[in-house]
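Q: next one to model:
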Amino acid sequence: MAPLITPVAAIVAGKINIKLRVRVVHVWTVSEFNNPNEDNSIHMLLLDDKLGKIQASAKKHLVPRIRSNVEEGSTYDIENVLVTKNDPKYQVTQHRFKLNLIDNTKFFKIDAATIPLNHFDFMPFNEILEAEREEKVVDVIGQVVERDELKERDVNGRRSKIMDLTLQDSESRRVHCTLWANYAERMNSFLAAHDPSSPVIVLIQQCKLKKYQGIMGVSNAFFGTKLLLEGDLPEAIEFKSKIDGGDVQVSQSISQNTTSTVVSLVDDMLQTKRMTIEDLIEATEQCQGIVLATICGIESEYSWYYQACTKCAGRVRTVAGRLYCGKCNTGRNAVPRFKLHVQVMDNTGSTSFILFDRNVSSYVNRTVQDMIDAQPNNSSDYPSDLDSFVGKRMLFKVEVSDGNLLHNWRNYAVKRTTAEEDVINQFAIFHDINLSDNEDVAYETLDENLDNVCAGSSNTVVNLMDAMDSVANNNDKGKEVDNTPCSKVSRKNSAGTILLDSTPSANVGDVSVTKPVKLKSVVSEKRSGKRSAGTGLLDSTPSVDAGDFSATKPVKLKSVKIEPKN
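A: This is a model prediction of the structure:
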């Protein structure tokens, strides 16, 4: 008598005479470690009519036979299998056991309409964000609201494609997703051909939990993950119905930037309006622009990270002994994220940019928590890893906000960056920019003025003010310039500071210093390779007199307002 059909849920150790009636939902192979072109084993995900799922595997010598006789998506009766413990690092199913296929295993193709084409156990995004164990394999569904450019990275000595995405669920919770290898290339091709007016709904089956910058997200396993991009799947249609009419935007990158379409890095940098630092400062309305500039210092008087809400990435504060997110208006868990203040300069002026998490971690390849853990006694002091930004020429996508317009703030939030020379060269050609001029003019002018200052010239203060004007190339001396650096910065940790006494109004040549503001990172060295800690040290041995001003020791230049002398 033929054995009865064994439900997947009833499979236990020691069970014999198993006969399965299942659909082969997914088939994949695992290559040999030292020979990626050679299959070492074959695996499949089996589903029965009671929605029980189990993994089945076969060794190398059975790969050709199974590959030629078993079709993904079809239904089969399967006999003669062995039951073994399901204990790989990344379990494909939650079943306690899995099946080993042997030489005597038989597949009989049948019609079994009662077995669904697929079945998903979608893990809610809030559970993903709260999860602690990375090894778990899950199914996820979400809308792609942010994407990054397809890149290459070394993995175990091999080059592999990688793409970072942000997925959003129907309740606006967001989870980071990293796709590798063929999954990244397939997603990139799909997005390139996708109608930008239609939402991008992604289903990922058998992906693994993986932390990104200290927050739990998801990533494909190198083998076994199934990426489903078909928008006509019942699950995708149902998900889309939940977000229709909602305020869901798609961002151009993994920064805090939003727009109506998914745009590549190169297109974004070339299609967005070009601006200079002078353009930013003189802007009269909210806008975004691409600025080609060089980072000339790190403003280390500001904290380099903040405690961020795990849901909205807003700042979390401690209220009555509990972590509280003002944006979410509720208690939240927090994770440290980068918020790096840097000084930048082009050939029209200099100012302060703020780089947030993605625009820092992608260059240093470490999270804030990684850096804190590497510090002695888990100190939050400035890590040396951030020194690598100084001297880096980059394209910045920058936003002019209400704060810049209404409050005259001179620090600008950066939405997206790139230091890739190929993209910078394309940008320069597109806008007819001479890169050598752009790189050298500001530094040369500033170095010359600072050399005069540090040499103890009799017109030291006038030269210092001229340095500000020469790098800004700005004749509007009646404007207040807050938080604007006036120097190219070496990477030297300076113990001293510069200070103009601002209690009385001090006449200096043709300018009047009337109000204190910060002037950060003024140093005399030329690209020494050491980081500035946000202050500059002038040689104070000679006494320098200029009008009513006398400097006999290092002091801090807090703030300047340059006005015509009456």
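
Q: am I right that residue 13 is in contact with residue 97?
A: Yes: in terms of C-beta atoms under 8 Å, residue 13 counts as a neighbour of residue 97; the distance is 6.4 Å. Yep, even glycine has a C-beta here, placed from its N, CA and C like the rest.

Q: which of those two has more neighbours?
A: Each of residue 13 and residue 97 has its neighbours counted (other C-beta atoms under 10 Å); residue 97 has more, 18 against 9.

Q: what's the span of stretch 302-322, first residue to last?
A: End-to-end distance of stretch 302-322: 24 Å, with C-alpha to C-alpha, to the nearest Å as the criterion.

Q: again, but for stretch 212-225
A: For stretch 212-225, the end-to-end distance is 19 Å (C-alpha to C-alpha).

Q: kindly report the same for stretch 107-116.
A: One end of stretch 107-116 to the other measures 19 Å (C-alpha to C-alpha).

Q: ok now it, how far from the chain's centre?
A: Centre-to-centre, stretch 107-116 and its host chain are 45 Å apart (C-alpha atoms, centre = their mean, to the nearest Å).

Q: stretch 72-86 now?
A: For stretch 72-86, the distance to the chain centre is 42 Å (C-alpha atoms, centre = their mean).

Q: residues contacting residue 20?
A: Residue 20 sits next to 5, 6, 8, 46, 48, 76, 77, 78, 79, 81 when contact means C-beta atoms under 8 Å, 6 or more residues apart in numbering.

Q: give the contact list for the first one.
A: What that stands for is residue 5. Residue 5 neighbours (C-beta under 8 Å, 6+ apart): 19, 20, 21, 77.

Q: follow-up on the earlier one: overlap in contacts of residue 13 and residue 97?
A: When contacts are counted by C-beta under 8 Å, 6+ apart, residue 13 and residue 97 are jointly contacted by 83, 85.

Q: which elements pack onto the strand or helix carrying residue 370?
A: Assigned by DSSP states H and E, residue 370 belongs to helix 368-374. The helices and strands touching helix 368-374, judged by 3 or more C-beta pairs under 8 Å, 6 or more residues apart in numbering; DSSP states H and E, are strand 334-346.

Q: adjacent strands (with direction) for the helix or strand containing residue 104?
A: Per DSSP H and E: residue 104 is located in strand 97-110. Counting by DSSP bridges, the strands paired with strand 97-110 are strand 53-59 (parallel), strand 75-85 (antiparallel).

Q: ok, then the element right after it?
A: Scanning forward in sequence from strand 97-110 by DSSP H and E, the next helix or strand is helix 125-130.

Q: and whichever helix or strand comes after that following helix, what does it pack against?
A: Proceeding N to C from helix 125-130, the next assigned helix or strand is strand 137-147, under DSSP H and E. If contacts are counted by 3+ C-beta pairs under 8 Å, 6+ apart, strand 137-147 sits against helix 125-130, strand 158-168, strand 174-180, strand 201-212, helix 234-243.

Q: got those as TSV, with distance to residue 308 columns?
A: Compiled in TSV, the helices and strands packed on strand 137-147 are given as follows (distance: least, C-beta to C-beta, whole Å):
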stretch	distance to residue 308
helix 125-130	12
strand 158-168	14
strand 174-180	12
strand 201-212	13
helix 234-243	24
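
Q: same list (those) but as CSV, adding distance to residue 352 and mean pLDDT.
A: Listed next are the helices and strands packed on strand 137-147 as CSV, based on distance: least, C-beta to C-beta, whole Å; pLDDT from 0 to 100:
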stretch, distance to residue 352, mean pLDDT
helix 125-130, 32, 91
strand 158-168, 27, 88
strand 174-180, 28, 92
strand 201-212, 28, 91
helix 234-243, 37, 87
